[in-house]
Structures are given as C-alpha cells and as structure tokens.
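>>> need a structure here:
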Amino acid sequence: MRIYTVGGAVRDRLLGLPVKDRDHVVVGSTPEAMVQLGYRPVGKDFPVFLHPVTHEEYALARTERKTGKGYKGFQVHADPEVTLEQDLARRDLTINAIAEDEHGNLIDPYHGVADLHAKVLRHVSPAFSEDPVRILRVARFAARFVEFSVADETMTLMRHMVEDGEVDALVPERVWQELAKGLMEQRPSRMFEVLRACGALKRLLPELDRLFGVPQTAKYHPEIDTGVHVMLVIDYAARAGFSLPVRFAALTHDLGKGTTPAHILPRHIGHEERSVELLQSLVKRLRVPNDCKDLALLVAKHHGKVHQVGEMRAATVLRFLQETDALRQPGRFRDFLSACEADARGRTGFEQQALPLFPLLLEILQLVRTVDAGAIAREQSSPDAIKEAVFSARVAAMEAAYRFPLKEAVG
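Predicted coordinates:
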C-alpha cells in the first residue's frame, strides 16, 4: 500500500497558499484492508475512508468509465492494480493532478507544475468532457485564481460539451452549489465570464446572460452595458466581504432589464417588477436556499426606491421600512442595504461614491424600533386604531430626531 497527497493540498502548497483540506490517494489496497487498519468507510459511489486519527479523506485509486449523461453517469472501478497515474488521469485540471509522496517528492505526469508556473487552467485528458460539472469548476477556479487563464483547447472542449447538451443534464442542486462557491471567490465576475465564453451561461442562467449588450443611461451608468454593471456589482460585493445572500442578490437585482422593450431603451421603466418575476422562476429552478432567495427578491423589488429615501417625508420613509419588513428583520435589512451599496458603487467612476443615507436609515430604524408599540396598543380600542396610533408615534419620534426630507440633513 502506498499513500499520496493529491489535489488542492499539493496545488495550494506549491502556490504558497494556506492548505485547508488534505486529500489522499491509496494505491495497492482494498476496502477490506483499509477497514482492518482502522479507516472508516464514508464513500457512497466509490471507496473513500476517513483516517482513524486525523479524519482526513483517503480514497482508493480508481478509474471511471462514462455510462450516461450528466455527472452521475459513471461506472467506478477501484482495484489494487489501478496505478497512481491512472487515478490522476481522471481529474479535471492538470494543476489538480499533481501528487506528493511521503518524502515530499512530486509525481506530475500531466505537467501540472508547468501550468501552475504559466498560470493556465488546462484539462488533463479528453475524459474531461464526460463530466459537465467540470465546466462549472473551471469557471470557479478562474474566479479564485484571478491571474490564471483558461487554455484555448480547454475552452474549445467546454464549448463542444455545451453544444452536445452535457450541461443540460446537470441537477439543480449541483449547479447552485458551484455557483454559490464561485460567488464567494475573489473575483466572481470571472466565473460568469468563463461560463458565457463557452456558452454555458445561456443554458444555466439565461436571465443573466441576456443582460449583456443591453444599454443603460450613460449618465447613471458610464459602463452602459447592463451585464458589465452586474459584474462590477458582484466584484464590489466580493471586495467588501459581503455574505453569500448579499452576493446572490447583487447578481440578480437587475434581471428585468434584460426584457425591457427595445423602444424605451436605454431607460428601464418597471424593471424591478420584471426582475422579481424572472427571479422567482430562477430560484425555483435552481432550488436556491431561502435566505438567498428572500433577500434577492427584496433587493430586486426595492433597490430602486432606496435611493429616493432622501426625497421622502417621514411617513413615507416609515412605510418604506415597513414594506421591506425592516422592523421585524433588521439584520436582513442591513443585508439589503449592503446589496444596494454594491449596486450603487458597482458603476464605472462611482466606486467611492458616498452613501450617507444608508447609515442614516439604520439609525432611523433603530429609533423606530424603540417606540413602545405594546404600551400604545393598550390605550386603543380597535386594531385599526392601534395601527394608526403606533404609526403616528413612530413618525413623531422620527420627526423629533431628524429633519425631513433627509437630503437636507446630509447635504
């Protein structure tokens, strides 16, 4: 039995990056022998074991044979006769097909070290085309390793995979999983650029793909192209360290602009309502988790109105806080403002734009929530009277503390 460290642990060490997870390949062993040594089996589709002390993953060397569409259409063969080189050959990219033995010697049959130095994402073998998830993974690696480019031959292969319908066989959960990981990388826009370049974005996220080439008013959007704007927005969200729900909301806030009638361009009247409708279909199709879905719908519907707050009277500001459910979910409202911040600053030349109304809104929200609604309710005789009295008390508290419209207070 011979054990090798493989994959991301070797790659990241060679790049001088922190090593988070260590995976191992075991050559020349059997499941029975692994169990006898104390390893705990955890693999469902192929033999993977957890080390009895470190709990790191150890997989038996294996080969794979394509048997059907999609990423599950494989027959796995694990056998003591399978070599390390055969196991590495089934991996996606050359930079992930480098192994290291217990003495620190590198085994690099597919020239992954050279591609690390050249900063190239290149597929190991034609078998890459058998697993459509690899398209998403390449795109995600492009978002993580921002100085790396996709090899021409790999991009060509990915295009052929899209044309052959391989991406259509992807299950929604796996698509969401990879998209979510990509959104949390260093420069998420690169993931969508790669997916668009190979044609996969049009298949997986047509609502997003159609934004590219759609013009916006240059005065407010010097970058003009709506798709370019969305890429700037998600990259700002990444630089700011915003959460996944905020980044997903940033990605999907302007979907309705892709269906704006041509005769009213570059204006986008009513795009918020269209964005909500498209987003509802998208989140259902990809089975997006509720925290991401709910925030994205909130942002799509209300992100335009938040910039009008400075013009509003106190009562109108309070209604806006009620419409966004800020009083009951202040944490989500903070995330809402973060996504709106990314939208405002994700424009060419507006990256450092001051947004004084945003912290002011949070102060007002905190003030409104201190009004004792329970005490007011006990003095009223009907539900309608309670609602009106509480609303009036909150407006009075706002007007006592701030001058409206707020634009006069912030200059």
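
>>> so who does residue 325 touch?
The neighbourhood of residue 325, defined by Cβ atoms under 8 Å, 6 or more residues apart in numbering, consists of 298, 332-333. C-beta: built from backbone N, CA, C; applies to glycine.

>>> for stretch 249-263, list the C-alpha coordinates in PDB.
Only the C-alpha atoms of stretch 249-263 are listed here, as PDB (Å, rounded to 0.1, in the frame of the first residue of the first chain):
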ATOM      1  CA  ALA A 249     -28.900  39.500  -4.500                       C
ATOM      2  CA  ALA A 250     -26.300  41.600  -6.200                       C
ATOM      3  CA  LEU A 251     -26.000  39.100  -9.100                       C
ATOM      4  CA  THR A 252     -29.800  39.000  -9.700                       C
ATOM      5  CA  HIS A 253     -31.000  42.500  -8.800                       C
ATOM      6  CA  ASP A 254     -31.400  43.800 -12.400                       C
ATOM      7  CA  LEU A 255     -32.700  40.700 -14.300                       C
ATOM      8  CA  GLY A 256     -35.700  42.600 -15.500                       C
ATOM      9  CA  LYS A 257     -33.500  44.900 -17.600                       C
ATOM     10  CA  GLY A 258     -33.000  42.000 -20.000                       C
ATOM     11  CA  THR A 259     -36.600  42.100 -21.000                       C
ATOM     12  CA  THR A 260     -37.000  45.900 -21.400                       C
ATOM     13  CA  PRO A 261     -38.900  46.700 -24.600                       C
ATOM     14  CA  ALA A 262     -36.400  48.000 -27.200                       C
ATOM     15  CA  HIS A 263     -38.300  51.200 -27.900                       C
END
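
>>> that stretch: which residues count as buried?
Buried residues in stretch 249-263, counting neighbours by 16 or more other Cβ atoms under 10 Å, are found at 249-260.

>>> repeat that for stretch 360-375.
For stretch 360-375, the neighbour count (16+ other Cβ under 10 Å) marks 360-361, 364-365, 368, 371, 373 as buried.

>>> cool, stretch 183-198 as well?
Applying a neighbour-count criterion of 16+ other Cβ under 10 Å, the buried positions in stretch 183-198 are 183-185, 187-196, 198.

>>> ok now it, how far from the chain's centre?
Computed by Cα atoms, centre = their mean, to the nearest Å, the separation of stretch 183-198 from the middle of its chain amounts to 9 Å.

>>> now that stretch - C-alpha only, PDB.
Output for stretch 183-198, consisting of C-alpha atoms alone and laid out as PDB, is shown next (Å, rounded to 0.1, in the frame of the first residue of the first chain):
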ATOM      1  CA  LEU A 183     -19.800  33.900  -5.800                       C
ATOM      2  CA  MET A 184     -17.700  33.600  -2.700                       C
ATOM      3  CA  GLU A 185     -14.400  33.600  -4.600                       C
ATOM      4  CA  GLN A 186     -12.000  36.500  -5.000                       C
ATOM      5  CA  ARG A 187     -13.500  37.900  -8.300                       C
ATOM      6  CA  PRO A 188     -16.900  36.300  -9.000                       C
ATOM      7  CA  SER A 189     -17.200  38.000 -12.400                       C
ATOM      8  CA  ARG A 190     -14.600  35.800 -13.900                       C
ATOM      9  CA  MET A 191     -16.800  32.700 -13.200                       C
ATOM     10  CA  PHE A 192     -19.600  34.200 -15.300                       C
ATOM     11  CA  GLU A 193     -17.200  35.400 -18.000                       C
ATOM     12  CA  VAL A 194     -15.900  31.900 -18.500                       C
ATOM     13  CA  LEU A 195     -19.400  30.400 -18.500                       C
ATOM     14  CA  ARG A 196     -20.500  33.000 -21.000                       C
ATOM     15  CA  ALA A 197     -17.500  32.400 -23.200                       C
ATOM     16  CA  CYS A 198     -18.200  28.700 -23.500                       C
END
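
>>> highest neighbour count among the contacts of residue 325?
residue 298 (24 neighbours; other Cβ atoms under 10 Å).

>>> you'd agree that residue is in a strand?
No - according to DSSP: H, G, I helix; E, B strand; the rest coil, residue 298 belongs to no strand; its state is helix.

>>> setting aside sequence neighbours, what's the nearest residue to it?
Nearest residue to residue 298, sequence neighbours excluded (Cβ to Cβ, 6 or more residues apart in numbering): residue 336, at 5.6 Å.

>>> ok, that neighbour touching residue 301?
No - if you go by Cβ atoms under 8 Å, residue 336 and residue 301 don't touch, sitting 10.1 Å apart.

>>> please say which of those two ends up with more neighbours.
Neighbours of residue 336 and residue 301, each counted by other Cβ under 10 Å, are more numerous for residue 336; the result is 24 against 17.

>>> what about the more buried one, distance to residue 249?
Between residue 336 and residue 249 the distance is 8 Å, computed by Cβ to Cβ, to the nearest Å.

>>> what touches both of those two?
Counting by Cβ under 8 Å, 6+ apart, the shared contacts of residue 336 and residue 249 are 295, 298-299.

>>> could you dump the residues you listed to JSON lines with pLDDT and distance to residue 205?
Output for the shared contacts of residue 336 and residue 249, formatted as JSON lines (pLDDT from 0 to 100; distance: Cβ to Cβ, whole Å):
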{"residue": "295", "pLDDT": "98", "distance to residue 205": "18"}
{"residue": "298", "pLDDT": "98", "distance to residue 205": "20"}
{"residue": "299", "pLDDT": "98", "distance to residue 205": "17"}
